[in-house]
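Trainee: dropping a prediction and its sequence here:
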Amino acid sequence: MGHDHGHNHTHGANKKTLLISFIIITSYMVIEAIGGILTNSLALLSDAGHMLSDSISLGVGLLAFKLGERVADYSKTYGYKRFEILAAVFNGVTLIIIALFIFYEAFRRFSNPPEVASSGMLIIGIIGLLVNILVAWILMRGGDTKENLNLRAAFLHVLSDMLGSVGAVSAALLIMFFGWGWADPLASALVAILVLISGWRVTLDSFQVLMEGAPKNIDMKEVIKTIENNEEVISIHDLHVWSITSGHNALSCHAVVRHDLTISECQSLLRTIEHHLQHNGIGHVTIQLENPEHGHQDSILCKNEHNHLNHEH
């Protein structure tokens, strides 16, 4: 119960944090895009493009949290929590596409650097940097950027965006003082590399969840030890650990226990294991207890498909 309360509290904080960040980023993205067009700066435009992806990222993230609150039904027995991961995938792929587009534009501009209004570019770049620092601080302070994939995706967007603003400011200074027109496409290409890296990471992490892979923050050996350390447990098999969504881990397994255990002893054992696993970061636990006569030959991880109808008692 306490675990759920903590999860709901974090969920609410994450949603509020995303909403504030969304309003700030979207407002400034419009200003930066107009500034990029007026000053003819690709570094500003690429930063605005990245801010657009931030804005979409935060908006989709908000939608994901909202949809994730919908209760489970017979059709979606886990509810809509997985939508957060689909949002993170969307964000990751969006970042990769934006990065490739910026690379293409930067390559075109290297061969023929256009005139850039550097002083306007500098002012807009500095304000952009301050806006990004503010939003990054809001996300870090108010949300769970470590465990929640959806929020971490948004945070990575903003971080690489902050570096994009640094690039735009640096390019503006180089154009002002040295007349280096190529500094503008160079800054945007560097932004594109950062965007590409963060997009790739978010996509990979989301893919791990969608593939029902073991969560990164879960030590499988520790989980096995936690269950097998109980003297009533002889062995375990068919162990599965996965994430329903960020910070919402689940486990299912079969545990072979001593045949002399009473029903109340079995219940007590299950409560003990659930309690220890919750401290290991697994909130949703399903364990099927079996006696040694069950005759199951599978290893800890289920290596092959088997028909449980064969195991009739």
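Mentor: Arrived safely, thanks for sending.
Trainee: and the helices in the stretch 201-313 of the chain?
Mentor: Using DSSP state H, counting those that start in this stretch, the helices of the stretch 201-313 of the chain run over 220-228, 263-279.
Trainee: which helices and strands sit right next to the first one?
Mentor: Contact here means 3 or more CB pairs under 8 Å, 6 or more residues apart in numbering; DSSP states H and E; on that basis helix 220-228 packs against strand 233-245, strand 248-257, helix 263-279. Placement of C-beta: from N, CA and C, glycine included.
Trainee: I'd like these written out as a markdown table, with mean neighbour count and distance to I31 added.
Mentor: Shown next, in a markdown table, are those (neighbours: other CB atoms under 10 Å; distance: least, CB to CB, whole Å):
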| stretch | mean neighbour count | distance to I31 |
| --- | --- | --- |
| strand 233-245 | 19 | 34 |
| strand 248-257 | 20 | 37 |
| helix 263-279 | 14 | 47 |
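Trainee: among the helices of the stretch 201-313 of the chain, which is nearest W200?
Mentor: With CB to CB, the closest approach to W200 among these belongs to helix 220-228: 24.9 Å.
Trainee: what's next to that closest one, contact-wise?
Mentor: Helix 220-228 has contacts (CB atoms under 8 Å, 6 or more residues apart in numbering) with 214, 233, 235-236, 239, 241, 251, 253, 255, 273, 276-277, 280, 282, 287, 300.
Trainee: what about it, distance to the chain center?
Mentor: Counting by CA atoms, centre = their mean, to the nearest Å, helix 220-228 is centred 26 Å from the centre of its parent chain.
Trainee: ok and it relative to helix 263-279, angle-wise?
Mentor: On the basis of axes from the mean of the first three to the mean of the last three CA atoms, to 10 degrees, helix 220-228 is oriented at 160 degrees to helix 263-279.
Trainee: alpha carbons only: can I get helix 220-228 in PDB?
Mentor: Extracted in PDB, the C-alpha atoms of helix 220-228 (Å, rounded to 0.1, in the frame of the first residue of the first chain):
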ATOM      1  CA  MET A 220      18.700 -10.600 -11.100                       C
ATOM      2  CA  LYS A 221      21.300 -12.600  -9.000                       C
ATOM      3  CA  GLU A 222      20.100 -10.600  -5.900                       C
ATOM      4  CA  VAL A 223      16.500 -11.400  -6.800                       C
ATOM      5  CA  ILE A 224      17.200 -15.100  -7.100                       C
ATOM      6  CA  LYS A 225      19.100 -15.000  -3.800                       C
ATOM      7  CA  THR A 226      16.200 -13.200  -2.100                       C
ATOM      8  CA  ILE A 227      13.800 -15.900  -2.900                       C
ATOM      9  CA  GLU A 228      16.100 -19.000  -2.500                       C
END
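Trainee: give the rounded mean pLDDT of it.
Mentor: For helix 220-228, the mean pLDDT works out to 90.
Trainee: and it, what's buried?
Mentor: In terms of neighbour count (16 or more other CB atoms under 10 Å), helix 220-228 has its buried residues at 223-224, 226-227.
Trainee: what's the answer for stretch 18-26, then?
Mentor: For stretch 18-26, the neighbour count (16+ other CB under 10 Å) marks 18, 20-22, 24-26 as buried.
Trainee: helices - which of the residues you listed land there?
Mentor: The helices, defined by DSSP state H, take in 18, 20-22, 24-26 from those.
Trainee: so where is the stretch 101-250 of the chain shaky, pLDDT-wise?
Mentor: In the prediction, the stretch 101-250 of the chain carries residues with pLDDT under 70 at positions 143-150, 246-247.
Trainee: and the pLDDT at the residue sitting furthest away from the middle of the chain?
Mentor: Most distant from the centre of the chain: D260, at 45.6 Å, with distances by CA atoms, centre = their mean. In this model, D260 is scored at 86, pLDDT.
Trainee: what about it, distance to L190?
Mentor: Remark: distance between D260 and L190 (CB to CB, to the nearest Å) = 68 Å.
Trainee: how's the protein carved up into domains?
Mentor: 12-211, 220-290 (the TED database).
Trainee: buried deepest among those domains, which one?
Mentor: Neighbour counts (mean count of other CB atoms under 10 Å) averaged over each of the domains of the chain peak at domain 12-211, with a mean of 20.
Trainee: quick one: distance of it to the chain centre.
Mentor: Using CA atoms, centre = their mean, the offset of domain 12-211 from its chain centre is 14 Å.
Trainee: change the start of the numbering to 55 and stick with it
Mentor: All right, first residue 55 from here; so that's domain 66-265.
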